[in-house]
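**Student:** Sequence and predicted structure below; questions after.
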Amino acid sequence: MIDGKRVQTLYLDEEDQSLVVLDQTLLPGEIRYRHLRDAASVADAIGRLCVRGAPAIGVAAALGLYASAWTFRNEDDFAARLQEAAATIEAARPTAVNLSWAVARMRRAVQGLSGAQACLDALKAEAKRMYEEDRETNRRIGRFGAALLEDGFGVATHCNAGRLATVDFGTALAPLYEAKEQGKRLRVYVDETRPLLQGARLTAFELLASGLDVTLQCDGMAASAMQQGLVQAVLVGADRIAANGDTANKIGTLPLAICARHFGVPFYVCAPFSTIDQACADGSHIPVEERDGSEITDLWYAKPMAPKGVKTRNPAFDVTPAGLISALVTERGVLYPPFDLRTRG
Ligand code: MRU
């Protein structure tokens with residue numbers, strides 16, 4: 001039996017200076033860690049969702065950039081190779097703004113420095129700072145979010161915005177962990193989250209491991225759970241929040257928000273400030289990743305689940321309009337509409 005409580009999403013191996021990620025494509029059946037040492041492998045691991053979830057992608061990018069810089073520390077063209085590595089990692093996935101946010105922080109950390117060693121020291125320190133900040137941020141989101149949950153609540157969630165999507169604790173799942181620590185009894189309804197089943201494979205896995213009361217449902221069952229009065233709050237994460245509060249999150253979040261509004265259930269988005277893109281005025285400007293249609297027809301298995309040659313569309317995210325969001329739960333507190341995030345640096 002795999003102990004889901006002991007797994008670590010990602011960390012820096014200080015002995016061989018590699019980024020280590022838990023390969024989430026193998027969960028819940030197998031625990032395997034991958035050591036990544038160059039920008040191409042880091043970008044590949046992010047692109048294939050070995051490491052995924054906006055905050056985890058950001059921290060993986062930072063640690064991964066340091067790890068790859070370490071491998072070419074003795075090369076004459078260190079500075080040029082560092083820029084190249086940063087660009088490779090930044091291009092791995094388009095929607096989660098934490099990726100470009102993290103790479104920008106790493107670029108700033110070496111600005112004005114000369115010499116590979118000075119740059120390496122700065123990169124390592126900045127990446128480790130982001131790692132620690134993420135842990136603290138999630139704890140705070142957990143505390144603010146838990147205050148919104150009452151003993152006996154049914155809570156619905158979509159995709160995975162938990163420990164596996166962050167350094168630790170999660171964003172949307174953090175309030176559940178915190179509420180449990182406070183002695184509140186909750187029932188959690190987890191959408192399986194097609195096409196790649198992050199809800200079934202990851203969220204159910206980590207919540208069960210932490211002893212929460214978990215019920216897994218197919219995505220299309222969320223509406224009837226609300227209709228039957230089983231759900232008193234929805235908690236989801238975010239990949240990018242525009243300045244007006246429009247929020248991109250895993251495909252299938254929007255229908256959940258529409259249902260929540262219809263049935264009068266509060267819909268909370270839990271995310272750190274690093275997920276807010278102030279340069280993005282509204283959701284129409286958020287780039288939505290389009291992934292391979294085989295994820296729908298075959299998932300990752302050899303056996304097809306759809307007739308060969310059928311057309312597919314596979315946007316990995318949808319955008320929930322701010323008007324459907326009851327509140328944003330951040331590390332700085334709970335923000336209520338109307339959202340104006342332009343000046344909140
Ligand atoms: O494609 P994924 O698995 O990276 O999508 C992840 C999500 O949509 C999460 O809800 C979001 O990144 C927030 S994670 C704290």
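**Tutor:** Nice, thanks for sending it over.
**Student:** how close does Ala174 sit to Val167?
**Tutor:** In this structure, Ala174 and Val167 are separated by 12 Å, where distance is defined by Cβ to Cβ, to the nearest Å. C-betas here are computed from N, CA, C, even on glycine.
**Student:** Identify the contacts common to the two.
**Tutor:** Shared between the contact lists of Ala174 and Val167 (criterion: Cβ atoms under 8 Å, 6 or more residues apart in numbering) are residues Asn138.
**Student:** Mind checking which of these two has more residues around it?
**Tutor:** Looking at Ala174 and Val167 with other Cβ atoms under 10 Å, you find the greater number of neighbours at Ala174, namely 30 against 25.
**Student:** ok, now how distant is that one from the ligand?
**Tutor:** Between Ala174 and the ligand the distance, using Cβ to the nearest ligand atom, to the nearest Å, works out to 9 Å.
**Student:** Would you enumerate the residues in contact with that residue?
**Tutor:** Residues touching Ala174, when contacts are defined by Cβ under 8 Å, 6+ apart, comprise Asn138, Arg139, Ile141, Gly142, Gly145, Gly162, Cys270.
**Student:** Give me the buried stretch members for stretch 253-263, please.
**Tutor:** Judged by neighbour count using 16 or more other Cβ atoms under 10 Å, the buried positions of stretch 253-263 are Thr253, Leu254, Pro255, Leu256, Ala257, Cys259, Ala260.
**Student:** Might one say that the last one is in contact with Val234?
**Tutor:** Yes: counting by Cβ atoms under 8 Å, Ala260 touches Val234, with 4.9 Å between them.
**Student:** between these two, what contacts are shared?
**Tutor:** When contacts are counted by Cβ under 8 Å, 6+ apart, the set common to Ala260 and Val234 consists of Ala156, Pro266, Phe267.
**Student:** overlap between these and the residues near the ligand?
**Tutor:** The subset of the shared contacts of Ala260 and Val234 within reach of the ligand, by Cβ under 6 Å from any ligand atom, is empty.
**Student:** Could I get the contacting residues of Ala69?
**Tutor:** Ala69 sits next to Phe78, Arg81, Leu82, Ala85, Ala116, Cys119, Leu120, Leu123 when contact means Cβ under 8 Å, 6+ apart.
**Student:** Please list only the buried members of the residues you listed.
**Tutor:** Buried positions within the contacts of Ala69, assessed by neighbour count (16+ other Cβ under 10 Å), are Phe78, Arg81, Leu82, Ala85, Ala116, Cys119, Leu120, Leu123.
**Student:** quick one: the residue in the chain positioned nearest to the ligand and Glu84, what's the gap?
**Tutor:** Among residues of the chain, the one nearest the ligand by Cβ to the nearest ligand atom turns out to be Gly237. It sits 2.8 Å away. Taken as Cβ to Cβ, the spacing of Gly237 relative to Glu84 amounts to 31 Å.
**Student:** For Phe169, see how far away the residue most central in space within the chain is.
**Tutor:** The geometric centre of the chain, computed from its C-alpha atoms, lies nearest to Gly53 (Cα atoms, centre = their mean), at 2.0 Å. Between Gly53 and Phe169 the distance, using Cβ to Cβ, works out to 12 Å.
**Student:** which ones are touching Pro195?
**Tutor:** With contact set as Cβ under 8 Å, 6+ apart, Pro195 has these partners: Arg291, Glu295, Ile296, Leu299, Asn314.
**Student:** Not counting its neighbours along the chain, what's nearest the second one?
**Tutor:** When you say that, I think you mean Glu295. Of all residues beyond its chain neighbours, the one nearest Glu295 is Pro195 (4.3 Å), with distances taken as Cβ to Cβ, 6 or more residues apart in numbering.
**Student:** quick one, domains of this structure?
**Tutor:** By the record's domain assignment, the chain is partitioned as 10-138, 144-343 (automatic domain parsing).
**Student:** got TSV for those domains, with mean pLDDT too?
**Tutor:** Listed next are the domains of the chain as TSV, based on pLDDT from 0 to 100:
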stretch	mean pLDDT
domain 10-138	98
domain 144-343	97
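**Student:** In the stretch 151-300 of the chain, what residue spans correspond to helices?
**Tutor:** For the stretch 151-300 of the chain, the helices defined by DSSP state H, counting those that start in this stretch cover 174-181, 198, 204-209, 222-227, 253-263, 294-297.
**Student:** quick one: buried residues of stretch 72-88?
**Tutor:** Under the neighbour-count criterion of 16+ other Cβ under 10 Å, stretch 72-88 has Phe72, Phe78, Arg81, Leu82, Ala85, Ala86, Thr88 buried.
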